[in-house]
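Enquirer: Just need the structure, nothing else, for what follows:
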Amino acid sequence: MGGPGALLHELARLTTRRRFVLAGVVMLLFGVASMFARRGELLMLAGVDGVVQHSGSMLWLTELDGAGTFFLIWPMIIGGTLAEDLESGLASLLITRAGSRWRWFSAKLGAAYVSSTLLLVALAVVWLAAAAVFVPWDPSNAGAVVPWGARLAVSAPLLLGLAVVLILGLAATATSATSMLLAALGAGRTVSQVGATIAYLAFMFALPAPVNPGERARMLSSFAEWATPLTTVTYWSAILIVGAVTTYLLLRARENR
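Expert: Prediction:
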């Protein structure tokens, strides 16, 4: 099977879950309904006399931004596979087929990123079409909803949206990897999923803005000096790297017992 085979196995495992499909449907409907409800809202913009109405590009970008909050509960959707493998004894077989423990584990991380990103790409396409139908696309004032990327929002909103999707995929992987860390510590499937989700929701209410996962998941609407693409990528990358390395070391320690 090797590395590519292990990745495809994990991808199929995640994307065929009923809760993965259900989560996608819920996010899709929620996003369309949210944009429909906001289509007539008026905004006061700096440097613009009076008020302006949401354009399609503004609706789309803000909806993509809001999607990041869903990924704080993502361990409930795509987490738990590592705990399942350890509890059932399937881990030994999958490691053998993958060729090494690292390939088996990295396939799980890769599948978390690819599945989350592809889902968000699909949602983004449908939301894009819906936003363009609800109101004119006109991106001339789209910079108002993107403090750090105002120029890009006006000149290339689709490119900006793609960047947001890729970063949110990283955030989804980082939160899901936390369930793997709990599994390596001995938690079962349900505990690893619920525990990781509760932790992120608690952090969202307890931590200050620069390190708050809720703020980092809504990168476009964070009006603060620290809210930049680079710091957001660094934040989620650090969580992912620390969690992945710690998990792998714990798995090796379990193996050596």
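Enquirer: what residues are up against the residue nearest the centre of the chain?
Expert: By C-alpha atoms, centre = their mean, the chain has its centre lying nearest to Ala172, at 3.1 Å. By C-beta atoms under 8 Å, 6 or more residues apart in numbering, the contact set of Ala172 is Phe71, Trp74, Ile78, Ala112, Tyr113, Ser116, Thr117, Leu120. Yep, even glycine has a C-beta here, placed from its N, CA and C like the rest.
Enquirer: Which one of the residues you listed sits in the busiest neighbourhood?
Expert: The most crowded member of the contacts of Ala172, judged by other C-beta atoms under 10 Å, is Ala112 (30 neighbours).
Enquirer: could you give the mean pLDDT of the helix or strand where that residue lies?
Expert: Following DSSP states H and E, one finds Ala112 within helix 101-134. Helix 101-134 shows a mean pLDDT of 95.
Enquirer: right, and the helix or strand after it?
Expert: helix 150-155.
Enquirer: need the next SSE after that next one, C-terminal direction.
Expert: helix 157-184.
Enquirer: quick check: angle from that following helix to helix 101-134?
Expert: 140 degrees (axes from the mean of the first three to the mean of the last three C-alpha atoms, to 10 degrees).
Enquirer: Go through helix 157-184 and flag the buried ones.
Expert: The neighbour-count check on helix 157-184 (16 or more other C-beta atoms under 10 Å) flags 157, 160-161, 163-165, 167-184 as buried.
Enquirer: who touches the following helix or strand past it?
Expert: Going down the chain from helix 157-184, the next helix or strand is helix 189-206, by DSSP H and E. Under the criterion C-beta under 8 Å, 6+ apart, residues 72-76, 79-80, 82-84, 87, 175-176, 178-183, 187, 212-214 lie in contact with helix 189-206.
Enquirer: Show me what whatever helix or strand comes next after helix 189-206 is packed up against.
Expert: Reading on from helix 189-206 to the C-terminus, the next helix or strand found by DSSP H and E is helix 213-217. Under the contact criterion of 3 or more C-beta pairs under 8 Å, 6 or more residues apart in numbering; DSSP states H and E, helix 213-217 touches helix 157-184, helix 189-206, helix 229-255.
Enquirer: run the last query once more with 10 Å
Expert: The contact analysis (3 or more C-beta pairs under 10 Å, 6 or more residues apart in numbering; DSSP states H and E) places helix 213-217 against helix 56-67, helix 157-184, helix 189-206, helix 229-255.
Enquirer: Please name whichever of these is nearest to Arg103.
Expert: Closest of the helices and strands packed on helix 213-217 to Arg103 is helix 229-255, at 11.5 Å (criterion: C-beta to C-beta).
Enquirer: Off-centre distance for that closest one?
Expert: Offset of helix 229-255 from its chain centre (C-alpha atoms, centre = their mean, to the nearest Å): 16 Å.
Enquirer: now the angle between helix 189-206 and that helix, please.
Expert: Using the same axes, to 10 degrees: helix 229-255 against helix 189-206 is 150 degrees.
Enquirer: Just the buried residues of helix 229-255, please?
Expert: Buried residues in helix 229-255 (16+ other C-beta under 10 Å): 229, 231-233, 235-236, 239-240, 243-244, 247-248, 250-251.
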